[in-house]
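Trainee: quick one, what's the 3D model for this:
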Amino acid sequence: MTTADADTAAPEDSAAPPSRAAELAYPVLAEVWRGDFLESVHHGSVVCLDADGKAVLTAGPVDVPMYPRSSNKPLQSVGMLRAGLDLDGELLALACASHSGEAFHLDGVRRILAGAGLTEDALQCTAALPIGAESQPAHLAAGP
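Mentor: Model prediction:
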């Protein structure tokens, strides 16, 4: 571990997210531009492997723990398809992506569950309100 690594590394027993200073130690991987205006900059790390699993391109620290979060969703969807779940079109897109919990998202999730012979009781995630300011009151007004 280099001095720079030591300055940005979290303690091994820490579950806390990296500090802003540690985040900035990661290289810029993407910039979002709107015309001549730089809207956002995204720091991170990436590793590209060849067919034998050898790293052929790396940027940033690629050998530290991380939370894959939504990047796993397409892989999880492949597993569901290989296990026999019949999804295509909008339902496959829903399974592969993050969503904001709007009514049409919930309808799609219920259709996916029904196709697998399951109900919402089978979900093992924390319930949350929809993200959109208009969706939240509508969801609450609709009741359980």
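
Trainee: where along the chain do the strands fall?
Mentor: For the chain, applying DSSP state E gives strands covering 28-34, 37-43, 46-49, 55-59.

Trainee: okay if I get those strands as a markdown table plus mean pLDDT, mean neighbour count and distance to residue 130?
Mentor: In this view, the C-beta of every residue, glycine as well, is placed from N, C-alpha and C. Formatted as a markdown table, the strands of the chain follow (pLDDT from 0 to 100; neighbours: other Cβ atoms under 10 Å; distance: least, Cβ to Cβ, whole Å):
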| stretch | mean pLDDT | mean neighbour count | distance to residue 130 |
| --- | --- | --- | --- |
| strand 28-34 | 93 | 10 | 24 |
| strand 37-43 | 92 | 10 | 23 |
| strand 46-49 | 94 | 12 | 31 |
| strand 55-59 | 95 | 11 | 35 |
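
Trainee: could I get those as CSV with distance to residue 70?
Mentor: What follows is those, written out as CSV (distance: least, Cβ to Cβ, whole Å):
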stretch, distance to residue 70
strand 28-34, 15
strand 37-43, 14
strand 46-49, 15
strand 55-59, 20
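
Trainee: so which of those strands gets nearest residue 101?
Mentor: strand 37-43 (23.1 Å; Cβ to Cβ).

Trainee: can you list the strands that that closest one pairs with?
Mentor: strand 28-34 (antiparallel) (DSSP bridges).

Trainee: sort out which residues of the biggest helix by length in the chain are buried, please.
Mentor: If you go by DSSP state H, the chain has its longest helix at helix 103-115. Across helix 103-115, burial judged by 16 or more other Cβ atoms under 10 Å covers 105, 106, 108, 109, 112.
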